[in-house]
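Visitor: build me a model:
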Amino acid sequence: MGNVGVSALSLTAVQPSDEAAIRQWYELCRTVARADQPDDPPPCWVHELGRVRHPWPGEDETVWLARLSEPGSDVVVGGCLLNLPTLDNLENATVDIVVAPEYRRRGVGRALLDHVRTEAARQGRVRLIAHVSQPLDPAASDPGGRFAASSGAELGLVETQRRLDVGSIDPAVLTRLDEQARARARDYSLVQWVGSTPERWLDDMAYLTGRMSTDAPMDDLQWEAESYDAARIRARDACRLACGRHTVTTGALDGAGRLVAFTQLGGYSTVTWYAHQWDTIVAPEHRGHRLGMLIKVVNLDYARVQRPELRVIDTWNADSNPYMVGINEAMGFRPHRRSGEWQLHL
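Guide: Numbers count the residues shown, from 1 in each chain. Predicted coordinates:
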């Protein structure tokens, strides 16, 4: 098939009130996920509906659908999502571009990229950043990486996606890891919750969450420190609830009752067998006590109690973060896919 003419494509912004258009975006993402990553969970409808209607605090997010007029119908052939940080990283924009499998290599992706470049520049942004999934084997086909490179983007951060098959966990291994960590963390106590952050720990959670943007390796990715306060944490938690996210948290308290470490697992309302490993962070002055290992092992047990059907957990770590990679490998996470944060200067 030949290229799709740019003039033949129409791009329409998806409005929060237009459930039919949001459904089209969801079905497009579902089709792309099934074609590109069939061993991954499908997108969650409740999450996709919620993220359009309840944007993440400190972010302005817009979805466009690309339609191609064909005899008798307008076919959705692709779409793009442009995210503009509004509280920090005001020079950056993040982007996601998806193209229906049967319309690839016809210029749809290029047209979508041109559109988000123009929109980002109009909003005063100087770079686009995209998360691109790539195969573990460097010799394997890598259309996402090729598209990013051919567009002039540069690889800023290299990560490995690791997957834990919950059914293959050896309980004796987790027990040993738990005991070893507790022996080093005798001066700390643990706290757990499901859903929103308890009021008493909002300030501590804000401080620790802000450190995720400074302490986690960023390599060559141009990303500024993020600033959080209690209000931003509350708003973030409310957004997760509105999107149907199921959040399980384990934290560590010091002798004064301050939250000095936490880790979170996030699941979906319609794909209850799957979860993402979200942030894990320990305050600098409390490192060296195996708190990272302890809270992750304990949180895994807690999540399995909350959702007995949980079978698969994915986590992403920069290759330049050997400490967290070591914890995840010890728990049974194994490399599943590569991914990169690509940045394109406008």
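Visitor: pLDDT weak spots in the stretch 1-150 of the chain?
Guide: 1-7, 70-73 (pLDDT under 70).
Visitor: hmm, try it at 80
Guide: 1-8, 69-74 (pLDDT under 80).
Visitor: in the stretch 51-200 of the chain, which spans are helices?
Guide: 108-122, 143-150, 171-184 (DSSP state H, counting those that start in this stretch).
Visitor: helices and strands around the helix or strand hosting residue 25, which ones?
Guide: Using DSSP states H and E, residue 25 sits within helix 19-36. Judged by 3 or more C-beta pairs under 8 Å, 6 or more residues apart in numbering; DSSP states H and E, the packing partners of helix 19-36 are helix 45-53, strand 59-70, strand 73-85, strand 92-99. Every C-beta, even on glycine, is put in place using the N, C-alpha and C of the backbone.
Visitor: so what's residue 27 up against?
Guide: residue 76 (C-beta atoms under 8 Å, 6 or more residues apart in numbering).
Visitor: measure it to residue 224 for me?
Guide: Using C-beta to C-beta, to the nearest Å, residue 27 is found at 36 Å from residue 224.
Visitor: domain assignment for this protein?
Guide: Domains of the chain are assigned by automatic domain parsing as 6-125, 163-339.
Visitor: touching, residue 306 and residue 249? I think so.
Guide: No - under the criterion of C-beta atoms under 8 Å, residue 306 is not in contact with residue 249, lying 10.9 Å apart.
Visitor: which residues do those two both contact?
Guide: residue 194.
Visitor: higher neighbour count, those two?
Guide: More crowded of residue 306 and residue 249, by other C-beta atoms under 10 Å: residue 249, with 26 against 16.
Visitor: now that one: which helix or strand?
Guide: strand 246-253.
Visitor: ok, and what's touching that strand?
Guide: 185, 188-195, 197, 201, 237, 240, 259-269, 272, 275, 278, 282, 286, 291, 294-296, 298-299, 302-303, 306-307.
Visitor: if I look at residue 311, how far off is residue 166?
Guide: 5 Å.
Visitor: now residue 258: closest residue in space that isn't a chain neighbour?
Guide: Take residue 258 and drop its neighbours on the chain: the residue closest to it by C-beta to C-beta, 6 or more residues apart in numbering is residue 204, 5.6 Å away.
Visitor: check which helix or strand covers the one you found.
Guide: In the assignment (DSSP H and E), residue 204 maps to helix 202-215.
Visitor: go through that helix and flag the buried ones.
Guide: Across helix 202-215, burial judged by 16 or more other C-beta atoms under 10 Å covers 202, 203, 204, 205, 206, 207, 208, 209, 210, 211, 213, 215.
Visitor: hmm, residue 244 is touching residue 266, no?
Guide: No - the criterion here is C-beta under 8 Å, and residue 244 misses it with residue 266 at 10.6 Å.
Visitor: residue contacts, residue 218?
Guide: Residues in contact with residue 218 (C-beta under 8 Å, 6+ apart) are 156, 157, 318.
Visitor: tell me the secondary structure at residue 41.
Guide: Secondary structure for residue 41, judged by DSSP: H, G, I helix; E, B strand; the rest coil, is coil.
Visitor: is there a neighbour count for it? I'd like the number.
Guide: Neighbours of residue 41 (other C-beta under 10 Å): 19.
Visitor: in this structure it contacts residue 272, no?
Guide: No - under the criterion of C-beta under 8 Å, residue 41 makes no contact with residue 272, lying 9.9 Å away.
Visitor: for the closest residue in space to residue 286 that isn't next to it in sequence, helix, strand, or coil?
Guide: Distance criterion C-beta to C-beta, 6+ apart; nearest residue to residue 286, sequence neighbours excluded, is residue 260 at 4.5 Å. Put simply, residue 260 is strand when judged by three-state DSSP.
Visitor: distance of residue 260 relative to residue 10?
Guide: Distance, residue 260 to residue 10, using C-beta to C-beta: 52 Å.
Visitor: output the contacts of residue 218 as a markdown table; include the columns distance to residue 86, neighbour count and pLDDT.
Guide: A markdown table is the format used below for the contacts of residue 218 (distance: C-beta to C-beta, whole Å; neighbours: other C-beta atoms under 10 Å; pLDDT from 0 to 100):
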| residue | distance to residue 86 | neighbour count | pLDDT |
| --- | --- | --- | --- |
| 156 | 22 | 17 | 97 |
| 157 | 22 | 21 | 96 |
| 318 | 26 | 18 | 95 |
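Visitor: reformat those residues as JSON lines; add distance to residue 135.
Guide: Supplementary listing: the contacts of residue 218 in JSON lines, determined by distance: C-beta to C-beta, whole Å:
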{"residue": "156", "distance to residue 135": "19"}
{"residue": "157", "distance to residue 135": "17"}
{"residue": "318", "distance to residue 135": "18"}
